[in-house]
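1. pasting the structure only:
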């Protein structure tokens, strides 16, 4: 078959397996998607601060929650990455993992839980102290509305003071380029800027 033929065959096999195990990944947010999705949103805190966020994810069959979420059973694990706008024009990379719950055929009405944490430094000798926050929410057509569980306040808030405060974000289809434009135009005051990841 040759190298190119082998590569094409491998891609076809992966897509077929994904179509059987995670058919929802081809119809995310009411649109045709090739087993992955990317979106942008603005994470808003109760204090009124706003941070553009970008996420990209795809099915991950090796890890997912075994517990139900509000009556829905887990459908598939998720893997991907994200980017956080921590100050005007300044971005921080994040690792994404999570679980989607509900029906197998599409995402509408399904719940999703994800963890966003400081991107891993693979060649660092010392243990990395990685901040994280968890988001939970539900698909409503083309939009994914989510709320954090307090992790944003504990790990990312510049001046954490209220453990009960929650942040909310609604993601819609968008590219990393869309996110960059939002970050470049973001009016994040100095008092609300997010510190760089800890070593």
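-> On my side now, so go ahead. Because the structure is a prediction, the values reported are computed rather than measured.
2. Following element in sequence after the worst-scoring helix or strand of the chain on mean pLDDT, please.
-> One helix or strand of the chain scores below all others by mean pLDDT, DSSP states H and E: helix 2-21, with a mean of 63. Using DSSP states H and E, the helix or strand that follows helix 2-21 in sequence is strand 27-28.
3. Relative to the whole chain's centre, how far out is that following strand?
-> Taking C-alpha atoms, centre = their mean, to the nearest Å, the mean C-alpha location of strand 27-28 is offset from the chain mean by 15 Å.
4. quick one: residue 162 is in a strand?
-> No. Applying DSSP: H, G, I helix; E, B strand; the rest coil, one finds residue 162 to be coil, outside a strand.
5. That one is in contact with residue 150, isn't it?
-> No. The criterion here is C-beta atoms under 8 Å, and residue 162 misses it with residue 150 at 9.2 Å. (C-beta placed from N, C-alpha, C; glycine too.)
6. Name the residue in those two with the higher neighbour count.
-> For residue 162 versus residue 150, neighbours defined as other C-beta atoms under 10 Å are more numerous around residue 150 (17 against 12).
7. Pull the contacting residues for that one.
-> Residue 150 sits next to 163-166 when contact means C-beta atoms under 8 Å, 6 or more residues apart in numbering.
8. give me the beta-bridge partners of the residue most central in space within the chain?
-> In the chain, the residue lying closest to the centroid (C-alpha atoms, centre = their mean) is residue 55, at 4.3 Å. Judged by DSSP bridges, the bridge partners of residue 55 are residue 39, residue 82.
9. residues near residue 185, how many?
-> Other residues within reach of residue 185, judged by other C-beta under 10 Å, total 11.
10. Residue 176 too?
-> Residues contacting residue 176 under the criterion other C-beta under 10 Å number 13.
11. For it, which non-adjacent residue is closest in space?
-> Residue nearest to residue 176 in three dimensions, not counting chain neighbours: residue 54, with 5.6 Å by C-beta to C-beta, 6 or more residues apart in numbering.
12. That neighbour reaches residue 92, doesn't it?
-> No. Counting by C-beta under 8 Å, residue 54 stays clear of residue 92, with 10.9 Å between them.
13. So if I had to pick from those two, which one is more boxed in?
-> A count of neighbours by other C-beta under 10 Å puts residue 54 above the other of residue 54 and residue 92, at 26 against 18.
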